[in-house]
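sharing a sequence plus its predicted fold:
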2 protein chains.
Amino acid sequence: MIEVLRKHITTRLGNDLDHLDEVLSSFKHISTKRNEQLLQQGNICKNVYFIAKGCLQVYVHDKDLNETTRDIVIEDNWCSELLSFGSGKPATENVRTVEPCELFAIDRKSFQTMMETVPQFDKVYKQILEASYANSVYRINTFVSLTAFERIKWLMEYRPLLMTRLSSKLIASYLGINKDVFSRLKAKL
Amino acid sequence: MIEVLRKHITTRLGNDLDHLDEVLSSFKHISTKRNEQLLQQGNICKNVYFIAKGCLQVYVHDKDLNETTRDIVIEDNWCSELLSFGSGKPATENVRTVEPCELFAIDRKSFQTMMETVPQFDKVYKQILEASYANSVYRINTFVSLTAFERIKWLMEYRPLLMTRLSSKLIASYLGINKDVFSRLKAKL
DNA sequence: TGTGAGCGATGACAAAAGTCGATGTTTTAC
DNA sequence: GTAAAACATCGACTTTTGTCATCGCTCACA
């Protein structure tokens, strides 16, 4: 499993990375069931997770206690509540596993140590942050102006795997539409 | 005018910042009219702007050529298309002035020089990026689950200045609702 | 001073989305 | 293996939102 992470890192930072084994050993391997809570809103986000296998959901509760899913992250990607992780302030979002997962977690202290000892490592944080930001900007710019039906077609086109892999309820909360509406519109595709 | 920028920086990075005058002199002062295009989608974003006075709009065009406004940025804040500025790739968004503005612009080359010569300066980029990301995350998490009426009430509560300062058309495109709907709902407040 | 462009408001209507209750299915827990 | 819980779908209905045409106002400017 750690090979997935090794490959991910070398692909991005090059094969000649010093201390690669040291970097890898600073991650802790975690196997989870589905529906495990990795972060609760209000707590401080202690880890950045690399997903070797499985799927995570980043979400909040709206005023009616419905879940609103900001992001769904699958294998070979990083997931965290970066703003809390970076600042040490309480998280505004929740994170849970959607499927059984194989994760590699690095905590703030180890992350800090890596930043100091491995020169290229501070690029990692910047890369994750920039990728997360790009993702958010894209999401705002596309979704704000799309109808429910267009959002579904968008998902079919750009993240088709999710359509088959996730529950309708979860997809609807990711697309920001009502689950009954999602069910009806899906039938019209 | 440059005093606004000086104060902004010292407030965040401390009074004892070395090279402060050098930093300040790497910015170019720009006075604009309203409705000036600072960045066109597809071009490379050359500057980061500090707004000493005025207001900028960051927007895209949807499939029907309507404008969707991702952000409205007022004085004492930074504005750019960071993903393009940071990577040198074409911008996905447009930026224009909404009012006559007093701006301080720093281009990529000067920014790079500052990063190298002024140790604290690389914090600036990280701070701007983190603030932008926080802003986007917040926008997604709140807006996705709000009705048009609730979005208007949100604006009244959290950015009341914008209600009086901007045109209805612009506010509607920021809230992601139709301008006629905005007009009707506003009357019911 | 007149003219035209842009803006904001509004009524009438159409379309989209949300709500609720019922029902059958699948998954989970013991 | 079975009961309970969660999920997906659907019809009927309500509410919200979008569209379009119209009208009056303001402002820039020839």
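All right, it came through fine. Residues are numbered from 1 along each chain as shown, chains lettered A, B, ... in the order given.

just the strands in chain A please.
Applying DSSP state E to chain A gives strands spanning A:28-32, A:37-39, A:47-53, A:55-61, A:67-74, A:77-79, A:94-97, A:101-107.

is any residue of the fifth one near chain B?
Yes - under the criterion of Cβ under 8 Å from any Cβ of the partner chain, chain B is reached by strand A:67-74 at A:T68, A:R70. To be clear about C-beta, it is placed using only N, CA and C from the backbone, and glycine gets the same treatment.

just the buried positions in that strand, please.
Judged by neighbour count using 16 or more other Cβ atoms under 10 Å in any protein chain shown, the buried positions of strand A:67-74 are A:E67, A:T68, A:T69, A:R70, A:D71, A:I72, A:V73, A:I74.

same check on stretch A:34-47?
Judged by neighbour count using 16+ other Cβ under 10 Å, the buried positions of stretch A:34-47 are A:E36, A:L38, A:L39, A:C45, A:K46, A:N47.

likewise stretch A:6-23?
Judged by neighbour count using 16+ other Cβ under 10 Å, the buried positions of stretch A:6-23 are A:H8, A:I9, A:L13, A:L17, A:L20, A:V23.

for DNA strand C, see how far away the closest residue to A:L146 other than its chain neighbours is.
Excluding its sequence neighbours, the residue lying closest to A:L146 (Cβ to Cβ, 6 or more residues apart in numbering or on different chains) is A:W154, at 6.5 Å. Taking Cβ to the nearest atom of the strand, to the nearest Å as the criterion, A:W154 is separated from DNA strand C by 12 Å.

and which of the buried residues of stretch A:6-23 is nearest to DNA strand D?
For the buried residues of stretch A:6-23, the residue nearest DNA strand D by Cβ to the nearest atom of the strand is A:H8; the value is 30.4 Å.

in contact with the closest one, which residues are there?
Taking Cβ atoms under 8 Å, 6 or more residues apart in numbering or on different chains as the contact definition, A:H8 lies against A:F50, A:D76.

what is the neighbour count of the residue nearest to A:L146?
With neighbours defined by other Cβ atoms under 10 Å in any protein chain shown, the count for A:W154 comes to 14.

how about the residues of chain A by DNA strand D?
By Cβ under 7 Å from any atom of the strand, the residues of chain A that approach DNA strand D are A:S167, A:S168, A:K169, A:K179, A:D180, A:F182, A:S183, A:R184, A:K186, A:A187.

my guess is the third one meets A:D180, correct?
No - with contacts counted by Cβ atoms under 8 Å, A:K169 stays clear of A:D180, the gap being 10.6 Å.

between these two, tell me which one has more neighbours.
Under the criterion of other Cβ under 10 Å, the comparison of A:K169 against A:D180 puts A:K169 first, with 13 against 10.

contacting residues around that one?
The contact partners of A:K169, taken as Cβ under 8 Å, 6+ apart, are A:K179.

repeat for A:S31
For A:S31, the contact set (Cβ under 8 Å, 6+ apart) comprises A:P100, A:C101, A:E102, A:L103.

beta partners of it?
A:E102 (DSSP bridges).

ok so, going back, among the buried residues of stretch A:6-23, which has the minimum pLDDT value?
By pLDDT, A:L17 ranks lowest within those, coming in at 70.

can you check what angle separates the longest helix belonging to chain A from strand B:55-61?
Secondary structure of chain A per DSSP state H: the longest helix is helix A:121-143. Between helix A:121-143 and strand B:55-61, the angle formed by their directions is 70 degrees, by axes from the mean of the first three to the mean of the last three Cα atoms, to 10 degrees.

other residues contacting helix A:121-143?
Under Cβ under 8 Å, 6+ apart, the answer for helix A:121-143 is A:9, A:12-13, A:23, A:48, A:70-71, A:78, A:80, A:82, A:86, A:111, A:114-115, A:151, A:154, A:175-176, B:60, B:68, B:70, B:82-83, B:86-87, B:92-93, B:126, B:129-130, B:132-133, B:136-137, B:139-140, B:144.

kind regards, and thank you for your time.
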